[in-house]
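> Pasting the sequence and the predicted model now:
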Amino acid sequence: MPKYRAGFQQQATFLRSFPEGIRNCYTLTIKKGTKYFFRTSFLYGNYDGLNKNTIKFDLHIGPNYWDTVTIKSDSVFVFKEMIYTPPQDYVHVCLVNTGSGTPFIQAIELRPLKNNTYMIYDSGALSHYAAVDTGSTTNSTYRYPYDALDRFWSPQNDEAWTQLTTSLTVDSDGHKNDYWLPPIVMNNGAIPIDKDGSLRFNVSSSDKNIGYYVYLHFAELQLIKPNESRAFNFYVNGKLMYGPIVPKYLTTLTIHALTPLTGQSQYNFSLTKLQNSTLPPILNAIEIYSSLDFSQSETHQDDVEAIMGIKSTYDVKKNWDGDPCVPLKYLWTGLNCSNDILKPPRIRSLDLSSSGLSGSISEHISKLTMLESLDLSDNNLTGFVPDFLSSLPNLRVLNLKRNMLTGSVPASLLEKSKNGLVLSENLASSNFRTDSLIDHESKKRQFTYSEVTKMTNNFEKVLGKGGFGYVFHGIINDDGTQVAVKMLSQLSNHGYQQFLAEVKVLMRVHHRNLTSLVGYCNEESNKALIYEYIANGSLDSHLSQGVGNNKDILSWEERLQIAIDAAQGLEYLHNGCKPPIVHRDVKTSNILITDNFHAKIADFGLSRIFPTDNGTHISTIVAGTLGYFDPEYYITNRLNEKSDVYSFGVVLLEIITSRPVISGAQDKRTHLKDWVSVMIANGDINDIVDPRLRGHFKINSVWKAVVISMACLAHSSITRPNMNQVVSELKECLVAQLSGRN
């Protein structure tokens with residue numbers, strides 16, 4: 001920010017903002033067991049050109065809340081400072097988006113302290129409250145280079161005080177005081193104007209539960225004559241806390257309470273001379289800190305090292321930032337952890353299914369010794385099933401389905417399965433080998449047209465109309481399986497190409513949030529796709545507010561789960577398939593709802609496969625549905641996965657509002673995105689939500705969902721989130737909705 005470069009230090013020149021994700025963390029390498037002075041710096045500087053009046057976000061240290069950053073000016077630095085001894089050889093400094101503005105930061109500074117200073121009574125840290133130069137004669141604020149720790153020493157004078165100064169240097173003998181106090185501060189002191197009076201000051205507290213640590217720094221500045229003495233007591237709210245205090249000549253003396261001051265709304269401090277003292281009390285400097293509760297233990301170090309190794313091995317792009325297990329609302333996607341408040345959290349389950357993993361099964365998993373469930377299904381893992389999986393003492397469930405693993409299952413795993421370990425069905429037999437795995441394509445049964453006619457009872461029951469023909473209900477007679485049969489219309493101009501495209505895609509994809517292909521018919525002019533039957537129909541029928549819609553109203557939690565499921569399906573197409581696939585026709589009528597109200601994406605007739613992982617886009621004629629078109633794709637004919645992201649943003653707005661994508665008279669058509677933008681500008685989120693929900697939702701959960709949808713609908717594809725980020729954010733919405741429930 002060049003505008004502020006001249007007026008502030010170098011830190012003001014650059015910042016980093018975090019428009020994506022809820023919790024973003026820096027991991028800093030430190031010396032374990034060392035006490036540090038932390039400072040974080042923030043200067044808005046209108047870097048985004050939005051002239052925001054107020055920005056708020058939270059700071060966390062590892063799993064513990066530190067403070068809230070509140071920005072009310074674009075030209076004023078905000079600093080957050082504390083003293084803390086991290087228990088590990090690293091520390092996470094995290095910025096948390098609370099919905100009141102995009103977090104940003106200029107600098108993080110750590111300076112080591114002596115471990116015998118700033119003692120803390122219980123587990124926690126000290127939040128910096130004030131550093132006061134009580135004897136200032138210049139009315140200036142001092143920091144580095146005067147103070148090696150770069151503390152900000154602010155001048156404070158009182159009408160009842162006067163100053164005592166010396167031209168000599170306090171602690172000039174080379175033995176610096178343990179608190180590294182700057183001589184320019186200690187060379188001056190405050191004394192009462194009334195030689196028989198006291199030095200008084202106070203601290204007010206808005207919360208009686210906050211504990212305060214007060215550090216008083218003294219040094220005698222005048223050579224005491226034989227017939228003179230300076231001795232005084234320290235009182236808090238009239239109670240003797242320390243005394244007598246007799247400062248040494250040009251040598252720092254620091255006193256402080258061993259426990260924090262707490263339980264009062266105001267603390268009145270006084271330094272009162274003893275009756276036999278000839279000189280009044282002196283005070284050179286004050287430091288005040290408030291206590292921070294850092295009682296939440298970090299995840300067990302062994303588990304942290306293991307999961308970080310897994311993250312690095314597979315380049316996991318989920319919300320894997322900061323502490324893996326705590327706080328619970330920021331639990332890493334795919335993890336479940338223990339919650340014993342007396343012990344560090346341990347990772348109990350790891351679900352990396354449908355995550356686009358490739359390579360061998362990571363040895364880092366063997367370090368997760370408390371792991372009870374491991375799901376690596378629906379990936380592209382290769383190599384052998386490792387024997388170390390049988391050495392995990394608490395493992396109860398192992399799922400490796402739909403990978404490209406080779407060789408036989410270790411005998412130790414099969415033996416363990418006899419004692420309670422549940423193996424996925426492809427591992428449950430000792431005959432598991434590469435050459436015994438059934439090829440995915442051969443699983444898709446080919447039916448004759450006569451069989452199709454029979455299973456549909458001569459096309460009796462119509463379920464709907466797809467992209468290239470009608471969809472009928474069917475039953476496969478040999479096992480009673482219900483299916484949906486999509487027939488290719490002989491009148492469809494592009495139907496056969498869509499038919500081939502859909503077959504090509506469905507032969508490759510295998511994910512719980514995508515409809516499964518049971519089989520097909522390819523008999524001369526009679527062509528059909530046979531899918532699994534999805535009981536509750538399409539999402540659009542559940543969102544419709546029209547007359548005659550007798551379906552139960554989806555709750556906000558159900559809507560979020562459906563959105564998460566659909567997002568996971570798209571994320572798998574984009575990242576779990578090699579090469580990736582773009583759906584091109586994401587809409588509510590192509591999202592089907594199961595009997596337990598989960599979602600599966602359907603209709604892959606317009607899908608396109610990218611020819612290479614390195615390609616940023618492919619050029620193709622625009623296809624899709626009006627209202628869901630990515631405007632950038634529509635203008636340029638350049639297709640990439642962000643086109644699906646745009647369409648999903650429209651779907652998410654439909655889920656939130658239950659309003660049509662296009663509304664209004666023919667000459668005054670309004671897109672749902674534009675309507676929501678107007679409502680956001682008016683400031684009432686309740687007016688956006690489907691009124692049938694009758695307020696049965698948490699406002700912060702809905703607000704996060706609206707923010708996600710509008711981010712997906714950014715005009716420029718490069719600024720839209722990817723589906724991995726969308727999945728992570730939507731799960732945060734669900735956590736926000738469920739938090740506080742019994």
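Ah, there it is.

> When you work out contacts or count neighbours from here on, use the C-alpha atoms and nothing else.
Fine.

> Could you pull up the contacting residues of residue 387?
Counting by CA atoms under 8 Å, 6 or more residues apart in numbering, residue 387 touches 410, 412-413.

> quick one, phi/psi of it?
For residue 387, the backbone dihedrals (degrees, to the nearest 10) come out as phi -70, psi -20.

> Find the helix or strand that the residue of the chain most remote from its centre is a member of.
Going by CA atoms, centre = their mean, the residue of the chain most distant from its centre is residue 227, 67.0 Å out. For residue 227, there is no helix or strand it lies in under DSSP states H and E.

> ok, it to residue 278 distance?
When distance is defined by CA to CA, to the nearest Å, residue 227 is 8 Å away from residue 278.

> next one: residue 396
Distance from residue 396 to residue 278, counting by CA to CA: 78 Å.

> So these two - more neighbours on which side?
Between residue 396 and residue 278, residue 396 has the larger neighbour count (other CA atoms under 10 Å), namely 18 against 15.

> How about the more buried one, nearest residue that isn't a chain neighbour?
Spatial nearest neighbour of residue 396, excluding adjacent residues (CA to CA, 6 or more residues apart in numbering): residue 421 at 4.4 Å.

> Likewise for residue 424?
Per CA to CA, 6+ apart, closest to residue 424 is residue 399, 4.8 Å.

> With residue 184 instead?
Using CA to CA, 6+ apart, the closest residue to residue 184 is residue 146 (6.9 Å).

> my hunch is that the one you found is in a helix, does that hold up?
No. Counting by DSSP: H, G, I helix; E, B strand; the rest coil, residue 146 falls outside a helix, being coil.

> so who does it touch?
Residue 146 sits in contact with 182-184, where contact means CA under 8 Å, 6+ apart.

> Same check on residue 320?
With contacts defined as CA under 8 Å, 6+ apart, residue 320 is in contact with 311, 332-333.

> Over to residue 346?
Contacts of residue 346 were listed using CA under 8 Å, 6+ apart, and they are 299-300, 303, 325, 337-339, 370.

> and it, what are its phi and psi?
phi -120, psi 150.

> With residue 324 as the reference, measure out to it.
9 Å.

> cool, residue 483 as well?
For residue 483 relative to residue 324 (CA to CA), the value is 41 Å.

> quick one: which of the two has more around it?
Between residue 483 and residue 324, counted using other CA under 10 Å, the more crowded position is residue 324 (28 against 23).

> Checking my notes, the more buried one in a strand, right?
No. Looking at residue 324 with three-state DSSP, it is coil, so not inside a strand.

> Please report phi then psi for it.
Per degrees, to the nearest 10, the backbone of residue 324 is at phi -70, psi -40.

> and the residue lying closest to it once chain neighbours are set aside, what does it touch?
Of all residues not flanking residue 324 in the chain, residue 332 sits nearest, at 5.3 Å (CA to CA, 6+ apart). For residue 332, the contacting residues are 318-321, 324-325, by CA under 8 Å, 6+ apart.

> Please convert these to CSV, extending it with distance to residue 539 and pLDDT.
Below are the contacts of residue 332 laid out as CSV (distance: CA to CA, whole Å; pLDDT from 0 to 100):
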residue, distance to residue 539, pLDDT
318, 26, 84
319, 27, 86
320, 31, 92
321, 33, 90
324, 34, 95
325, 34, 95
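
> In terms of distance to residue 631, which of these ranks first?
For the contacts of residue 332, the minimum distance to residue 631 (CA to CA) is 27.5 Å, reached by residue 318.

> residues near residue 255, how many?
14.

> try residue 465
12.

> do you know how far residue 480 is from residue 455?
From residue 480 to residue 455 the distance is 10 Å (CA to CA).

> Comparing the two, which residue is more hemmed in?
residue 455 (24 against 10).

> contacting residues for that one?
Residue 455 makes contact with 474-477, according to CA under 8 Å, 6+ apart.

> now do residue 718
Contacts of residue 718 by CA under 8 Å, 6+ apart are residue 642.

> quick one: secondary structure of it?
For residue 718, the assignment made with three-state DSSP gives helix.

> Report the separation between it and residue 710.
14 Å.

> I'd say residue 693 and residue 557 touch.
No. Judged on CA atoms under 8 Å, residue 693 makes no contact with residue 557 at a distance of 10.8 Å.

> Look at those two and report which has more neighbours.
A side-by-side neighbour count of residue 693 and residue 557, using other CA under 10 Å, places residue 557 first with 17 against 14.

> pretty sure that one contacts residue 734?
Yes. If you go by CA under 8 Å, residue 557 and residue 734 touch, sitting 6.8 Å apart.

> Can you pull the residues that touch both of the two?
By CA under 8 Å, 6+ apart, no residue touches both residue 557 and residue 734.

> What separation do you get for the residue nearest to residue 499 when sequence neighbours are not counted and residue 334?
Excluding the flanking residues, the one nearest residue 499 by CA to CA, 6+ apart is residue 605, at 6.1 Å. Distance, residue 605 to residue 334, using CA to CA: 31 Å.

> neighbour-wise, which of the two wins?
A count of neighbours by other CA under 10 Å puts residue 605 above the other of residue 605 and residue 334, at 25 against 15.

> Can you tell me the element that one falls in?
Assigned by DSSP H and E, residue 605 falls within no helix or strand.

> Helix or strand next in line after the one helix or strand in the chain whose mean pLDDT sits lowest, which one?
In the chain, no helix or strand scores lower on mean pLDDT, DSSP states H and E than helix 440-443, which sits at a mean of 42. Next helix or strand after helix 440-443 toward the C-terminus (DSSP H and E): strand 445-446.

> Direction included, what does that next one pair up with?
Strand 445-446 pairs in its sheet with strand 517-523 (parallel), by DSSP bridges.

> Touching the strand it pairs with from outside, list them.
For strand 517-523, contacts defined as CA under 8 Å, 6+ apart pick out 443-449, 452, 483, 506-507, 527-532.

> could you show me where the helices are in the stretch 301-450 of the chain, in order?
Using DSSP state H, counting those that start in this stretch, the helices of the stretch 301-450 of the chain run over 301-314, 411-417, 440-443, 449-455.

> So residue 27, which state does it fall into?
At residue 27, secondary structure determined by three-state DSSP is strand.

> Excluding residues flanking it in the chain, which one is nearest it?
residue 92 (4.6 Å).

> so where does the one you found fall, helix or strand?
strand 90-100.

> The next helix or strand after that strand - contacts with which helices or strands?
Where DSSP H and E defines the elements, the next helix or strand beyond strand 90-100 is strand 104-105. Contact here means 3 or more CA pairs under 8 Å, 6 or more residues apart in numbering; DSSP states H and E; on that basis strand 104-105 packs against strand 16-17, strand 36-42.

> Format those strands as CSV; extra columns: distance to residue 517, mean neighbour count and mean pLDDT.
Listed next are these as CSV, based on distance: least, CA to CA, whole Å; neighbours: other CA atoms under 10 Å; pLDDT from 0 to 100:
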stretch, distance to residue 517, mean neighbour count, mean pLDDT
strand 16-17, 44, 13, 94
strand 36-42, 54, 20, 97
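
> which residues are in contact with the helix or strand hosting residue 679?
Under the criterion of DSSP H and E, residue 679 resides in helix 672-682. Contacts with helix 672-682, where a contact means CA under 8 Å, 6+ apart, come from 650, 653-654, 659-663, 685, 687-688, 710, 713.

> Hmm, which of these is lowest in pLDDT?
pLDDT is lowest at residue 685 among these; the value there is 76.

> Quick check: closest non-adjacent residue to it.
Spatial nearest neighbour of residue 685, chain neighbours left out: residue 703 (7.0 Å); criterion: CA to CA, 6+ apart.
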